[in-house]
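Engineer: got a sequence here, can you build the structure:
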Amino acid sequence: MPAARPAPSDPHPDSPRGVHVLPVTGLGEIRAGDDLAALLGEALAPLDPRGGDVLCLSTKVVSKALGLRVSPQERDRAIADVAVRTVARRLHTRVVTSVVQIPSGPVMAAAGVDSSNAPDGPLLLPEDPDACARELREALVASLGVELGVLLTDTSSRVWRVGVGDISLGAAGVASLQDLRGGTDADGRPLTVTVRNLADELAAAADLVKGKSSGVPAALVRGVPGAVAMDVPARDLSRTGPDDWFRRPSLESVWVALGLTPEQEPIARMSPEPVAERVDRALSVAALPRPDQEPSTASVRALPADGEPSRVVVTAADSSHAALIHAATHAERIRTALQAESLGLPLPQIDVEISVPDPDQETS
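Structural biologist: Numbering: from 1, shown residues only. Predicted coordinates:
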């Protein structure tokens with residue numbers, strides 16, 4: 001077994017400079033129990049692996065080798081079982097997609113459970129992709145004799161961005177984060193906040209030559225300076241806990257503030273929703289009973305104008321002090337729930353009024 005050799009500063013001085021992304025072909029369909037490291041070693045050999053190269057491999061390939069399959073009927077239960085927490089749920093036609101945090105840190109739609117290119121059933125993600133990347137890297141370094149990095153990648157969307165791209169779920173032997181603070185930009189100004197997510201950049205670059213339709217699940221990225229200079233696990237790339245700026249979407253955040261439990265939260269649609277549907281949801285959210293709180297005695301009517309709700313009247317059960325408190329509390333919940341519905345797409349002006357019964361009518 002050859003000894004691993006470190007990456008020199010320029011191991012191939014005659015090769016063209018710049019970054020090269022090379023598809024890894026000939027891997028074939030991976031089955032449960034396959035020796036993935038051995039198969040990858042054979043597929044990499046024609047590319048003359050070099051120190052400093054980074055192998056970007058679809059995590060799905062690892063899932064296949066580990067036999068992480070479930071039946072289509074078990075898919076929803078598998079997503080619920082693996083979820084650390086649910087961030088949001090969205091309805092698309094008749095399918096509800098759960099956006100959840102997975103054990104390794106990232107927040108992903110359907111917990112990353114994928115049915116594409118999986119004829120034998122949906123594939124789960126490995127519980128510890130970093131550990132899988134380390135195991136693969138150790139075997140490849142030993143067999144190939146070069147210090148390369150390994151990234152396990154998967155497709156994901158980004159906050160505030162349309163479309164999807166590949167990110168790193170597992171990393172070994174890769175400088176996943178490059179801290180550029182303390183340096184200077186091209187104009188000599190100091191860099192004070194820049195930390196580059198190199199792992200995701202490598203994963204996205206590799207995806208340009210691999211993909212679900214091409215049958216190429218891996219790529220070798222060559223020529224990135226310092227890519228394997230240190231080892232930062234992919235788990236460190238996820239903002240979780242107190243660093244999570246987007247723990248819940250705006251709509252769900254308001255529902256939490258209103259005291260709804262996860263089981264009580266409704267499911268919004270992915271596509272734009274009609275005004276009447278959003279107003280009805282706000283009224284339902286306001287009316288839901290809160291734990292350890294007395295149910296409201298107020299009644300609610302939504303009055304339409306031009307076919308859409310324009311006024312909501314909250315009527316106290318009677319003119320007593322307790323009934324008025326119930327009505328005022330209910331009205332404020334409605335206003336708050338309507339404001340939540342307006343965060344993504346503004347609602348038209350909807351007045352929320354409190355009505356008090358006539359005391360003479362109460363006693364007549």
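
Engineer: and the longest helix anywhere in the chain, what does it pack against?
Structural biologist: Taking DSSP state H as the criterion, the chain has its longest helix at helix 321-342. Here helix 321-342 touches helix 250-257, helix 275-287, strand 308-315, strand 351-355, going by 3 or more Cβ pairs under 8 Å, 6 or more residues apart in numbering; DSSP states H and E. Just so you know, the C-beta spots here come from the backbone N, C-alpha and C atoms, and that holds for glycine as well.

Engineer: Throw these into CSV and include mean neighbour count, mean pLDDT and distance to residue 122, thanks.
Structural biologist: Shown next, in CSV, are the helices and strands packed on helix 321-342 (neighbours: other Cβ atoms under 10 Å; pLDDT from 0 to 100; distance: least, Cβ to Cβ, whole Å):
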stretch, mean neighbour count, mean pLDDT, distance to residue 122
helix 250-257, 17, 94, 26
helix 275-287, 19, 95, 30
strand 308-315, 18, 90, 41
strand 351-355, 14, 94, 45
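
Engineer: so where's the stretch 151-300 of the chain shaky on pLDDT?
Structural biologist: For the stretch 151-300 of the chain, the stretches with pLDDT under 70 are 180-188, 190-194, 212-213.

Engineer: quick revisit: can you list contacts of the longest helix of the chain?
Structural biologist: Helix 321-342 is contacted by residues 250-251, 254-255, 257-258, 278-279, 281-283, 285-287, 296-298, 300, 312, 314-317, 347, 350, 352-356 when judged by Cβ atoms under 8 Å, 6 or more residues apart in numbering.

Engineer: in a markdown table: the helices and strands packed on helix 321-342, plus distance to residue 67.
Structural biologist: Output for the helices and strands packed on helix 321-342, formatted as a markdown table (distance: least, Cβ to Cβ, whole Å):
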| stretch | distance to residue 67 |
| --- | --- |
| helix 250-257 | 35 |
| helix 275-287 | 42 |
| strand 308-315 | 53 |
| strand 351-355 | 56 |
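
Engineer: flag every buried residue along the longest helix of the chain.
Structural biologist: 323-324, 326-327, 329-331, 333-338, 340-341 (16 or more other Cβ atoms under 10 Å).

Engineer: ok, so of those, who is nearest residue 111?
Structural biologist: residue 340 (25.8 Å; Cβ to Cβ).

Engineer: pLDDT score for that closest one?
Structural biologist: Residue 340 carries a pLDDT score of 95 in this model.

Engineer: quick one: it from residue 301, how far?
Structural biologist: The gap separating residue 340 from residue 301 is 21 Å, by Cβ to Cβ, to the nearest Å.

Engineer: can you tell me which residues contact residue 282?
Structural biologist: Per Cβ under 8 Å, 6+ apart, neighbours of residue 282: 334, 337-338, 340-341.

Engineer: how about 10 Å then?
Structural biologist: Remark: with contacts taken as Cβ atoms under 10 Å, 6 or more residues apart in numbering, residue 282 is in contact with 254, 266, 302, 309, 312, 333-342, 347, 350.

Engineer: specify the angle between the longest helix of the chain and strand 351-355 in degrees.
Structural biologist: Going by axes from the mean of the first three to the mean of the last three Cα atoms, to 10 degrees, helix 321-342 is angled at 170 degrees with respect to strand 351-355.

Engineer: how far does helix 321-342 sit from the chain's center?
Structural biologist: Averaging C-alpha coordinates over helix 321-342 and over its chain gives two centres that are 33 Å apart (Cα atoms, centre = their mean, to the nearest Å).
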